[in-house]
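*Asks:* dropping the sequence and predicted coords here.
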Amino acid sequence: DAGVIQSPRHEVTEMGQEVTLRCKPISGHNSLFWYRQTMMRGLELLIYFNNNVPIDDSGMPEDRFSAKMPNASFSTLKIQPSEPRDSAVYFCASSRVNEQFFGPGTRLTVL
Amino acid sequence: AQSVTQPDIHITVSEGASLELRCNYSYGATPYLFWYVQSPGQGLQLLLKYFSGDTLVQGIKGFEAEFKRSQSSFNLRKPSVHWSDAAEYFCAVGARSNDYKLSFGAGTTVTVRA
């Protein structure tokens, strides 16, 4: 099994640009989670899906952030417009029950 | 809602010495408990988990953890630390429900000195 796949691994963009992060969960997993990790705030849950349906998006910082899961094998997290304070590592994780498997993360830098 | 406290932000240990990382949780019933490890520049890797049964659980890389209900704790231990164990360690708690969210602690950074 390839594990959770995230792309890109690194993204550098300028303030105001749209950023799209992608995630492919482990096959057969029915829950998907997006996290953000920063030195200041640690690991924060942004949103999670169960069977492709968003269940809890209370962690999404503001309307600039949106997430979709059009099918069981793909999810995106979009930031539009991006700001320097969005710089962080974004992780995707998937699970079948309670055990979450994390992807390698996308390191986002917004200049 | 469940929550986790990791009291130690940073621990330094000598190679070959024992290691214990503390984790205290808050939850109204018996939770699901996890320890994850994150090496620099990497994602989180599951070390071990407790769902039910034997309160002493064995994980990968020689780690073990003990669930103590009376103390609401799930401390992680390793008898002899290797330099490759230098990393950040996260304790997490999940509810026994259809809500599959995990609450993570702030993490403990472990430095291993030669």
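*Replies:* Done, it's in. Numbers count the residues shown, from 1 in each chain, chains lettered A, B, ... in the order given.

*Asks:* quick check: which ranges of the chain have low pLDDT?
*Replies:* All of this refers to chain A. A:1 (pLDDT under 70).

*Asks:* think we crossed wires, I meant chain B
*Replies:* Residue ranges of chain B with pLDDT under 70: B:98-99.

*Asks:* not counting sequence-adjacent ones, nearest residue to B:V81?
*Replies:* Nearest residue to B:V81 in three dimensions, chain neighbours excluded: B:L19, at 4.9 Å (Cβ to Cβ, 6 or more residues apart in numbering or on different chains). The C-beta positions use only the backbone N, C-alpha and C, and glycine is treated the same way.

*Asks:* ok, that neighbour touching B:R77?
*Replies:* Yes. Using Cβ atoms under 8 Å, B:L19 is in contact with B:R77, at 6.6 Å.

*Asks:* and the residue nearest to B:V81, backbone torsions?
*Replies:* The phi and psi values for B:L19, taken as degrees, to the nearest 10, are phi -130, psi 140.

*Asks:* tell me how many other residues surround it.
*Replies:* Close neighbours of B:L19, defined as other Cβ atoms under 10 Å in any protein chain shown, add up to 19.

*Asks:* go on, A:P81?
*Replies:* For A:P81, using other Cβ under 10 Å, the count is 14.

*Asks:* need the nearest residue in space to the residue nearest the centre of chain A, chain neighbours excluded.
*Replies:* Centroid-nearest residue in chain A, with Cα atoms, centre = their mean: A:W34, separated by 3.6 Å. For A:W34, ignoring the flanking residues on the chain, the nearest one in space by Cβ to Cβ, 6+ apart is A:L46 at 4.4 Å.

*Asks:* am I right that that neighbour is in a helix?
*Replies:* No. Judged by DSSP: H, G, I helix; E, B strand; the rest coil, A:L46 forms no part of a helix; its state is strand.

*Asks:* surely it touches A:L32?
*Replies:* No. If you go by Cβ under 8 Å, A:L46 and A:L32 don't touch, sitting 11.2 Å apart.

*Asks:* have a look at those two and say which one is more surrounded.
*Replies:* Higher neighbour count among A:L46 and A:L32: A:L32, with 30 against 19, using other Cβ under 10 Å.

*Asks:* sorry, back to before: quick one: the residue nearest to A:W34 from A:P54, how far?
*Replies:* 11 Å (Cβ to Cβ, to the nearest Å).
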